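> With the input below, show me the fold.
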Amino acid sequence: MISDAALIRELKAIAGTGQVIADGRGIRRFTRGFRSGEGSAVAVVRPGSLVELWRLARACVRAGRIIILQAANTGVTGGSTPDGVYDRGVVILNTMRLKGVHMLNGGAQVLCLPGTTLQELERELRSLQRESHSEMGSTWLSASVIGGVCNSSGGVLVRRGPAYTEAALYAQVDETGDLRLVNELGMDLGRDPEEQLESLERGEFFRVLNDLHVRVCSAHGYLEQVRDVDAHSPARFNADPRYLNGASGSAGRLIVFAVRLDTFPRPATTHVFHLATDDPGVLTDIRRRMLGEAALVPISAEYMHRDMFQMAARYGKDTFIAVWMLGASRLGPLLRFKEAVDGLASRLGLGRVHLTDHLLQGFSKLAPPHLPEAFRERGERYAHHLFLKVDGEQLGAARALLSDMMPPLKGACHEFTPEEGKKAFLHRFTAACVTNRYTALVKEAEDRLVGLDVALRRNDKAWWYVLPDHLKAMVEHTLVYGHFFCHVFHQDFILKKGADAAAFRRGMLAHYAARGAECPGECNVGQVHKAKPELAAFYRKLDPTNTLNPGLGKTSRNKDWK
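Numbers count the residues shown, from 1 in each chain. Now for the predicted structure:
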C-alpha cells in the first residue's frame with residue numbers, strides 16, 4: 001500500500017494542487033457534518049471534471065483507501081462525512097465543482113451532474129414553466145440533486161414522493177476490487193469510461209429520447225400510496241425496498257456521475273391556507289377527506305406545533321430575513337461565510353463561543369417583526385398549525401371543504417395573500433435550522449439535543465402523540481414539524497440537564513417500532529441510525545469490498561465487510 005504522502009502527490013497531479021486540501025486548517029468544513037458526524041481524512045479533493053472524478057476514484061481504490069463522496073454536506077445525520085475509526089485512510093471527493101443540467105425532450109426530463117443543486121435546477125426549469133421533484137426546504141440549503149436521489153429524500157410535495165430514478169451513470173467497486181462504470185441512462189455515450197464521461201459532460205448525446213414512458217425517472221405510483229389513508233404502513237421511508245435501486249438509495253455506496261429525472265408542469269397560480277386549531281382530530285379529518293378525493297390532493301401540506309412555531313419565530317428570524325431580502329440562492333454562500341468565520345474563531349480558541357450565532361441572534365432582536373401580526377397571534381393562540389398549498393384549479397373546492405370542515409368553533413382558517421403565503425412557508429422551513437441556533441446559544445444544549453424523523457403509518461390517527469409518558473420527564477422542549485399528508489414528521493427534543501440521551505433515543509425508537517412507524521423517515525441512517533437488514537444488504541450488494549462510505553447505518557467499517 002502506498003503512503004499517504006505518495007497518494008496526495010498523485011491526487012494533486014490529477015486535480016491540481018489547489019484542489020487538494022490535506023492540512024487541518026482548511027479541511028474541517030468538509031469533515032464535519034451539518035448537524036452530526038465528524039472525523040479525519042487523509043485529504044479532501046475537489047475535481048473539476050467527470051474524468052478527474054473517475055481518475056481520482058481509481059487512484060484511491062488502487063491505493064486501498066476509503067472514499068467518501070460528498071456534495072453540499074447538508075445532511076443532518078452525518079452521512080457524507082467520516083466518523084469514528086476506520087481500518088484504512090479516508091479520502092473525501094467533494095463534487096460541488098461538477099455543475100451541469102441538460103434538458104431532455106424539451107424539458108420533460110433533465111440530466112443532472114453531481115454538483116448541481118436543487119436551486120440551480122429550479123432556476124433552469126423556471127423559463128420552461130416546469131418544476132423539479134422537490135422544492136423549497138432542502139432547496140434553500142443548496143442540497144444537491146444527486147444527494148437527494150442517493151438518500152431517497154422525501155420533501156414537501158405531496159404528489160411526487162421521494163427522489164427516485166432508475167436511470168443513472170455511476171461507478172462501482174466490484175467484488176474483485178476493480179472500479180467499473182455502469183451506464184443505466186438509456187443513452188449511448190460510447191464504450192471507454194473516459195470517453196463516456198467526456199461525452200456526457202460536453203452534452204454530446206441525443207436530447208430527444210423515445211423511452212419516456214418505459215424508463216422510470218420519478219416515484220411512479222406514489223400518489224396512490226399516500227392516498228391510501230387506511231394502510232397499516234408508512235407512505236414512504238428511507239429503507240423502503242420499493243425505492244432502493246441502483247443509484248437511488250445508494251447513500252454514497254456508488255460514485256454517481258449523472259442522474260436522469262422527470263420534471264413536472266408548474267401551476268399557473270397557487271394559494272395558501274393556514275389552519276390553526278387546538279383539536280388535532282380536525283386536521284386528521286381534513287387530511288383523510290382531501291386525500292380521499294383525488295382532485296383535492298394539495299401541492300403541499302406542512303405542519304408545525306405551536307412550540308416549534310414560536311421557536312422558529314425567535315431563533316429563525318435572521319435566516320428568514322436573509323432569504324426574504326436576498327433570495328434563497330444567497331443563503332448557501334452566506335452559510336459558507338459563516339462556517340469560515342466560525343473556523344477562524346475555532347483556531348483562535350473561541351470555538352465554544354459560537355460567535356456568529358450570537359451576533360446573528362443579536363441582529364435579529366434589533367430587526368423589526370418579520371411575520372404578519374395576525375399570523376403571529378394565531379401562532380401563539382393555537383397548538384396545531386397546518387399550511388395547505390393548492391393550485392388555482394383546486395381553489396373553489398378547497399375553500400368549500402375547509403369552510404365545511406373547519407368552522408370558527410374548531411379553530412381558525414385563513415386564506416393568505418400571495419406574499420403572506422410565501423412568508424408562512426418560509427417560516428415553516430426556517431424550522432430546519434432552529435435547533436442548531438438554539439443549541440449554539442444555550443450552554444450545553446448541544447449535548448442534550450436528540451433529533452429524529454419518523455414516518456408514521458398512513459392510518460395512524462394519533463399522529464400528535466409524540467412522547468410516551470415514561471419519557472416525558474426527560475424532556476425540556478419538544479419541537480415538531482413535518483409533511484403532514486405524507487405523515488412524515490421531524491421531532492427535535494431538547495433534554496433536561498442530566499438526562500441520558502442514548503437511553504432516550506432507544507426509548508423513542510422502541511416507541512416508534514411499537515406504533516408500526518419507520519425511523520428514519522427521510523433523513524437517512526447516516527452515522528446516527530442502524531440500517532435495517534434490507535438496507536444493509538442493499539449497501540453490501542452495491543459495494544462488496546466496503547470501499548465507499550463504510551460504517552454507514554452502523555454497518556462494518558472494515559475492508560470486505562470483515
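> going forward, measure contacts and count neighbours with C-alpha atoms only.
Will do.
> Which other helices and strands does the helix or strand of the chain with the lowest mean pLDDT contact?
Least confident helix or strand of the chain, by mean pLDDT, DSSP states H and E, is helix 331-347 with a mean of 73. Contacts defined by 3 or more Cα pairs under 8 Å, 6 or more residues apart in numbering; DSSP states H and E place helix 331-347 against helix 24-31, helix 355-366.
> and the angle from it to helix 24-31?
If you take axes from the mean of the first three to the mean of the last three Cα atoms, to 10 degrees, helix 331-347 sits at 130 degrees to helix 24-31.
> Please state the offset of helix 331-347 from the chain centre?
21 Å (Cα atoms, centre = their mean, to the nearest Å).
> Give the buried residues for it.
331-332, 342-343, 345-346 (16 or more other Cα atoms under 10 Å).
> Run the angle between it and helix 355-366 for me.
130 degrees.
> Just name the closest of the buried residues of helix 331-347 to G362, please.
Distances from the buried residues of helix 331-347 to G362 were compared by Cα to Cα; the smallest belongs to D342, at 16.4 Å.
> so that closest one makes contact with D357?
No. With contact defined as Cα atoms under 8 Å, D342 does not reach D357; the gap is 9.2 Å.
> Output the below-cut-off pLDDT ranges for the stretch 251-400 of the chain.
332, 350-353 (pLDDT under 70).
> got the phi/psi numbers for A247?
phi -70, psi -30 (degrees, to the nearest 10).
> how close does it sit to N151?
Going from A247 to N151 by Cα to Cα, to the nearest Å gives 9 Å.
> who's more crowded, the two?
Shown here are A247 and N151; by other Cα atoms under 10 Å, A247 has more neighbours (32 against 28).
> my read: the more buried one touches A171, true?
No. Contact criterion Cα under 8 Å: A247 and A171 do not qualify, at 9.8 Å.
> okay, and the common contacts of these two?
Applying Cα atoms under 8 Å, 6 or more residues apart in numbering, one finds that A247 and A171 are jointly contacted by 254, 256.
> Quickly note the distance from the nearest residue to D318 once chain neighbours are set aside to A312.
Excluding the flanking residues, the one nearest D318 by Cα to Cα, 6 or more residues apart in numbering is S364, at 5.3 Å. Going from S364 to A312 by Cα to Cα gives 12 Å.
> Over to R399?
28 Å.
> okay, the two: which has more neighbours?
Using other Cα under 10 Å, the more surrounded residue of R399 and A312 is A312, with 26 against 13.
> List the residues that contact the more buried one.
Contacts of A312 (Cα under 8 Å, 6+ apart): 427-428, 430-431, 434.
> go with 7 Å
By Cα atoms under 7 Å, 6 or more residues apart in numbering, the residues touching A312 are 427, 430-431, 434.
> Can I take it that it is in a helix?
Yes. Assessed by DSSP: H, G, I helix; E, B strand; the rest coil, A312 belongs to a helix.
> and the angle for the top helix by length along the chain with helix 355-366?
Identified as the longest helix of the chain according to DSSP state H is helix 418-441. Here helix 418-441 runs at an angle of 140 degrees relative to helix 355-366 (the same axes, to 10 degrees).
> Next, the buried residues of helix 418-441.
420-421, 423-441.
> Give me the distance between whichever helix or strand comes after that helix and the centre of its chain.
Going down the chain from helix 418-441, the next helix or strand is strand 449-455, by DSSP states H and E. Computed by Cα atoms, centre = their mean, the chain-centroid distance of strand 449-455 equals 13 Å.
> Next SSE downstream of strand 449-455?
Where DSSP H and E defines the elements, the next helix or strand beyond strand 449-455 is helix 469-472.
> What average pLDDT does that next one get?
Average pLDDT, helix 469-472: 96.
> List the residues that contact S152.
S152 sits next to 162-164, 238, 248-249, 522 when contact means Cα under 7 Å, 6+ apart.
> If you rank those residues by neighbours, which is first?
Neighbour counts for those (other Cα under 10 Å) peak at Y164, which has 32 neighbours.
> For L388, see how far away the residue in the chain sticking out farthest from the centre is.
Farthest-out residue of the chain from its mean C-alpha position, per Cα atoms, centre = their mean: L409, at 37.6 Å. From L409 across to L388, the span is 20 Å (Cα to Cα).
> Please apply the same query to R428.
Taking Cα to Cα as the measure, R428 falls 12 Å from L388.
> picking that back up, which single one of the contacts of S152 is nearest to R260?
The closest of those, once distances to R260 are taken by Cα to Cα, is Y164, at 9.5 Å.
> Look at that closest one and give its secondary structure.
Per three-state DSSP, Y164 ends up coil.
> who's in contact with the closest residue to it other than its chain neighbours?
Nearest residue to Y164, sequence neighbours excluded (Cα to Cα, 6+ apart): S218, at 4.9 Å. Residues near S218 by Cα under 7 Å, 6+ apart: 163-165, 261-262.
> Tell me the secondary structure of S218, please.
Applying three-state DSSP: S218 is coil.
> Now do the phi/psi pair for it.
Dihedral angles (degrees, to the nearest 10) for S218: phi -160, psi 170.
> Quick check: the gap between it and G154.
Distance, S218 to G154, using Cα to Cα: 12 Å.
> what touches both of these two?
Contacts common to S218 and G154, judged by Cα under 7 Å, 6+ apart, are A163.
> related to what we said a few turns ago, as CSV, the helices and strands packed on helix 331-347 with distance to K317 and mean neighbour count would be great.
As requested, these are exported to CSV (distance: least, Cα to Cα, whole Å; neighbours: other Cα atoms under 10 Å):
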stretch, distance to K317, mean neighbour count
helix 24-31, 24, 18
helix 355-366, 6, 15
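> so where is the protein shaky, pLDDT-wise?
Applying pLDDT under 70 to the chain flags the ranges 25, 35, 136-141, 332, 350-353.
> How far does stretch 470-484 sit from its chain's centre?
That offset, for stretch 470-484, works out to 21 Å (Cα atoms, centre = their mean).
> contacts for it?
Outside stretch 470-484, the residues that touch it by Cα under 7 Å, 6+ apart are 156, 301-305, 307-308, 488-496, 499, 504.
> Tell me which of the residues you listed fall in strands.
301-305, 488-495 (DSSP state E).
> in the stretch 101-250 of the chain, which spans are strands?
Using DSSP state E, counting those that start in this stretch, the strands of the stretch 101-250 of the chain run over residues 101-104, 109-112, 130-131, 168-173, 179-183.
> Give me the spatial nearest neighbour of E380, chain neighbours excluded.
E380 sits nearest to R306 (Cα to Cα, 6+ apart), 6.7 Å away.
> Give me the neighbour count for the one you found.
23.
> Looking at neighbours, which among the ones in strands among the contacts of stretch 470-484 is most surrounded?
Busiest of these [other Cα under 10 Å] is V488, holding 32 neighbours.
> quick one: contacts for the closest residue to that one other than its chain neighbours?
Distance criterion Cα to Cα, 6+ apart; nearest residue to V488, sequence neighbours excluded, is A455 at 4.3 Å. Listed by Cα under 7 Å, 6+ apart, the contact partners of A455 are 234, 236-237, 487-489, 517-519, 521.
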